[in-house]
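Visitor: what's the 3D shape of this:
(chains A and B)
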Amino acid sequence: MTAYGLLIDYEFCTGCQSCEVACKEIHNIPVGQWGIRVLDDGPWECSDGKFNWNKIPTPTRLCDLCVERTDKGQQPFCVHHCLAGVMQWGTVEDLAKELEEKPNQVLFVPKPYQY
Amino acid sequence: MKIFKGQGTADLGKPWRFEEDGLTVTRGCAWSPPGCHPTGCGIKTYVNSNGELVRVEGDENHPITNGRLCVRCLTIRDYVYNPDRVLYPMKRAREDRGKNKWERITWDEAYDTIAEKVKYFKDKYGAESILVMGGTGREGGPMLPAYAHACLGTPNACYTQSGYSCYIPRVAGTTYVMGATYPEMDYAGGLPGRYDDPMFKLPELIVFWGKEPLPSNGDGLFGHAAIDMMRRGSKLMSIDPRVNWVSTRADWHLRLRPGTDAALGMAMLNVIIEEDLYDHDFVDKWCYGFDQLAERVKTMPAEKAAEICGLDAGEIREAARVYAAAKPAQIAWGLAIDQKSNGVQAGHCIMALEAITGNIDVPGGQLIGDVNDGLELGFGWNNLGPELQSKILGIKEYPAYVGLVLNAQCDMVLDALEAGDDAKYYPFKMGVFEDTNFLAGTCAAQPKRWHDAMVKNLEWCFGIDVWMTPTIQATCEIFLPLSSTVEHDTVVYTHYGASPIMAGAVNKSITVGDCKGDCEIFYELGLRCMPINFEKYKDYYDFLADYRLAYKRTFEELREEVVHQKTEMCGYYKYESGRLRPDGMPGFNTPTGRVELYSTMFRQFGEDPLPYYEEPQFSPVSTPDKMEEYPFVLTTGARTYCYFHSEGKQIPYLREMNPDPLIEINPEDALKHGIADGQWVEVASPFGKCVLKAKVSQIVKPGVVHAQHGFWFPEKDPEEPSLYEVWRSNINERIPHFMVGKLGFGAPFKCLICSVKPVSENYDTDMMEVWDHFGKLVI
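Guide: Next up is the predicted model:
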């Protein structure tokens, strides 16, 4: 079976949190819970005086990749609204090629799970 | 054409209205309310057969936003159907001010009462006794002068923020120096091919100077256009005391001491002139006063500026060289320039930098508006007549301010309000609040003084808003409910019409309660109070076509087009083609026809015609004796994604992003003062105290703190004296009154001093309380 994922270019993710809120809206997720969450690595100062600050949208155990939308040829709701346009949805195979072409990206392959 | 790879495409080419899965989908541009700058992002609303909005989605057809939406529009359903929203006109007796004792009335009763009161105060005290106060961002914001002059017939419009410390100081500078409104960074917004359009050139360098457009979309600039350009290769320079995300992606970040921008600007000019890095051709042909400027900026060598700004001289030289060498380069200069009494001079430096490097009105540089494109300003002003015009407060004292924006000088307004019947010229008796919640620490310094003076001395007031706010709760007798951006037909014009980008249709798709839009209320109330200005219109849509579209097209035409990119107005080098001056002659619309590096207009107003540096009124340099008591430099008001100033606190998904008002403090300082991350602290300035929640972070340098503004707590007690606990964390109470520049502009909202001390109380927002109050939608 083809695997699908989200490719996120965290070099240019500005931390606008549109993905978080878009997801909550389309899936009716209450406050205090998330389907995708922007994790915050920084800001902290490096020895050269430059700052590290990466915002990394990370799908949670609730993410179903908006399968209802993608089946209709639409983008997942988070991808559609990302202000910086740093998210891509697609097959792992295609996204892996994109990943080779541009560094500082991360590929997630989320699937809701139960334990 | 895709702007980014993940862009939606499913609805490309769809008409303005279509059906999908049993829902009616309407494409439109979003603007106000919720408050935002006029960016007009593309939005699709999905409405069911009961007329209920079930979903919104970004419109991929929009040439600038391409389907992208920020959290403030993504949550529009929570806004529209929020249980706390006011859906009908209401009234209350004057003795019930501050009490939640409102009673529903009809629009007719509301309009009749207002018209009657307007007539009463005009007859008894003169029209000038009516004071119309407005806010920012929402559609009603830029309509403020027209609300006063055209709709109600008083000369006294007032944007209440001390020194009009928002946008207008920059606009005044550009009007006087360059003969144009704010020169926006060019992001190819009006060009059909956008970044790939053959007319456009990608900027080599984008400078963000005291501006954070990503969350703010300041003045209608879609901030993330900068990210689009970065990903195509533009480099960034950030001039900002704080670290923000943009500064971490900048090759150069100058973390200057707050309030010292004019010194930095002068030094950069000096480097560029001394090292002969300037554009001789542009300077010779199109600039006035170059030699005088060169002479003046010699007084600010890089070493001196370095000492003032807390930077290295080498850093300043490098920044100047990099900026001068980049072709083209663009500077986005922001609110920070407005928020100091020396800001007009800082702005003058920035314009001089743009001019002498030849970046004005070139592709990828600073875009200025075509003189034939502007909307008519001063609606209703002429019909006031010379006598009333001469009574606008402050016209003698601050002509450069009052004459330009046709607003009363706001610091003088507070003095007059406090003086009541003893006011120097005349007392204010009636108040109007249109789209403003300035008591909540937004566009006013010393809001408690405003509150006390207004409650005591304004005899009758009405307010226009979506929500009951502390401002209206404290002061008003009538409340007019405003409809949101998906509930009315109007037009959004990006950059307030100052840049040739686009006009967008704000298309109505639902009705909620009995609410009306800013333009609709303006038109209907104007017909009753000042028919002379409105009788000529056939109906609301005829009015809209004139007021918003200058009869270039009808609203109905725009509705179907949704977005009209002003391709016909796009053009560069307009100073050569005569498209900057009403007389059609080449040159700039200034007295000398050139960019005035030496400003003849400043000279005429009694201001120094050349840039100079002045220390903030309170700083380690100007008040060393106070630094023991107030050891921090205080900056305020940085933008967040979740709120537009005081707006958005009732939207649970937004509130959860930033539940409490934060003050950023460096880890070194936090250790020294015994402050833990997340602990509440008391922040005191020479002007008072409040409590905020500490965020310990290297975002700010040691010795500097940054405080959030605009907090109130709509889940708390609405009545006096609490007023939704509006005074508890109100940082604007810490900002002084009437410490403005010579022209009346600029107050130290971003360069003050304060102390920060830990407290043992915990004021954390209970998100479940917010969810209980506002999470259950009323459909």
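Visitor: Excluding sequence neighbours, find me the nearest residue to the residue of chain B found nearest chain A.
Guide: As assessed by Cβ to the nearest Cβ, chain A sits closest to residue B:4 within chain B, at 2.8 Å. To be clear about C-beta, it is placed using only N, CA and C from the backbone, and glycine gets the same treatment. Of all residues beyond its chain neighbours, the one nearest residue B:4 is residue A:85 (2.8 Å), with distances taken as Cβ to Cβ, 6 or more residues apart in numbering or on different chains.
Visitor: and the closest residue to residue B:612 other than its chain neighbours, what does it touch?
Guide: The shortest distance from residue B:612 to any non-neighbouring residue, by Cβ to Cβ, 6+ apart, is to residue B:345 (5.6 Å). When the contact criterion is Cβ atoms under 8 Å, 6 or more residues apart in numbering or on different chains, the partners of residue B:345 are B:262, B:608, B:611, B:612, B:613, B:614.
Visitor: show me the residues around the last one that make contact.
Guide: Applying Cβ under 8 Å, 6+ apart to residue B:614 gives the contacts B:262, B:341, B:342, B:345.
Visitor: Please flag which of these sit within helices.
Guide: Using DSSP state H, the members of the contacts of residue B:614 that fall within helices are B:262, B:345.
Visitor: quick one: which two of the contacts of residue B:614 are the most distant?
Guide: Maximum pairwise distance in the contacts of residue B:614, criterion Cβ to Cβ, is 10.5 Å, between B:262 and B:341.
Visitor: Can you show me the strands along chain A?
Guide: Listed from the start of the chain, chain A has strands (DSSP state E) covering A:4-9, A:36-45, A:51-59, A:87-91, A:105-108.
Visitor: Please enumerate the helices of chain A.
Guide: A:18-27, A:67-70, A:77-81, A:92-101.
Visitor: of all those, which gets the most neighbours per residue?
Guide: Among the helices of chain A, the stretch with the highest mean neighbour count (mean count of other Cβ atoms under 10 Å in any protein chain shown) is helix A:77-81, at a mean of 28.
Visitor: which of the residues in the helix or strand containing residue B:109 are buried?
Guide: Element membership of residue B:109 [criterion: DSSP states H and E] is helix B:107-125. Along helix B:107-125, the positions that meet the burial threshold by neighbour count (16 or more other Cβ atoms under 10 Å in any protein chain shown) are B:107, B:110, B:111, B:113, B:114, B:115, B:117, B:118, B:121, B:122, B:125.
Visitor: need these in CSV with distance to chain A, can you?
Guide: Putting the buried residues of helix B:107-125 into CSV (distance: Cβ to the nearest Cβ, whole Å) gives the following:
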residue, distance to chain A
B:107, 32
B:110, 34
B:111, 37
B:113, 40
B:114, 38
B:115, 42
B:117, 42
B:118, 42
B:121, 45
B:122, 47
B:125, 49
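Visitor: ok, of the residues you listed, which one's closest to residue B:443?
Guide: Within the buried residues of helix B:107-125, proximity to residue B:443 (Cβ to Cβ) peaks at residue B:114, which comes in at 23.3 Å.
Visitor: Next one: residue B:92, what pLDDT does it get?
Guide: Residue B:92 is assigned 98 on the pLDDT scale.
Visitor: go on, residue A:50?
Guide: We have a pLDDT of 95 for residue A:50.
Visitor: and it, how many residues sit next to it?
Guide: Counted with other Cβ atoms under 10 Å in any protein chain shown, the neighbours of residue A:50 add up to 13.
Visitor: Show the contacting residues for the residue of chain B closest to chain A.
Guide: With contacts defined as Cβ under 8 Å, 6+ apart, the neighbours of residue B:4 are A:84, A:85, A:86, B:66, B:228, B:231.
Visitor: Of all residues in chain A, which one is nearest the centre?
Guide: residue A:57 (4.3 Å; Cα atoms, centre = their mean).
Visitor: Give the bridge partners for that residue, please.
Guide: residue A:38 (DSSP bridges).
Visitor: from what I can see it touches residue A:8, true?
Guide: Yes. In this structure, residue A:57 is within contact of residue A:8 by Cβ atoms under 8 Å, at 5.5 Å.
Visitor: Name the residues contacting each of these two.
Guide: A shared contact of residue A:57 and residue A:8, defined by Cβ under 8 Å, 6+ apart, is any residue touching both; here these are residue A:87.
Visitor: quick one: the helices in the stretch 151-300 of chain B?
Guide: Applying DSSP state H, counting those that start in this stretch to the stretch 151-300 of chain B gives helices spanning B:168-178, B:213-216, B:225-231, B:245-248, B:261-274, B:280-286, B:290-297.
Visitor: Please produce JSON lines containing these, extended by mean neighbour count and mean pLDDT.
Guide: Output for those, formatted as JSON lines (neighbours: other Cβ atoms under 10 Å in any protein chain shown; pLDDT from 0 to 100):
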{"stretch": "helix B:168-178", "mean neighbour count": "25", "mean pLDDT": "95"}
{"stretch": "helix B:213-216", "mean neighbour count": "23", "mean pLDDT": "94"}
{"stretch": "helix B:225-231", "mean neighbour count": "22", "mean pLDDT": "98"}
{"stretch": "helix B:245-248", "mean neighbour count": "23", "mean pLDDT": "96"}
{"stretch": "helix B:261-274", "mean neighbour count": "26", "mean pLDDT": "98"}
{"stretch": "helix B:280-286", "mean neighbour count": "15", "mean pLDDT": "98"}
{"stretch": "helix B:290-297", "mean neighbour count": "18", "mean pLDDT": "98"}
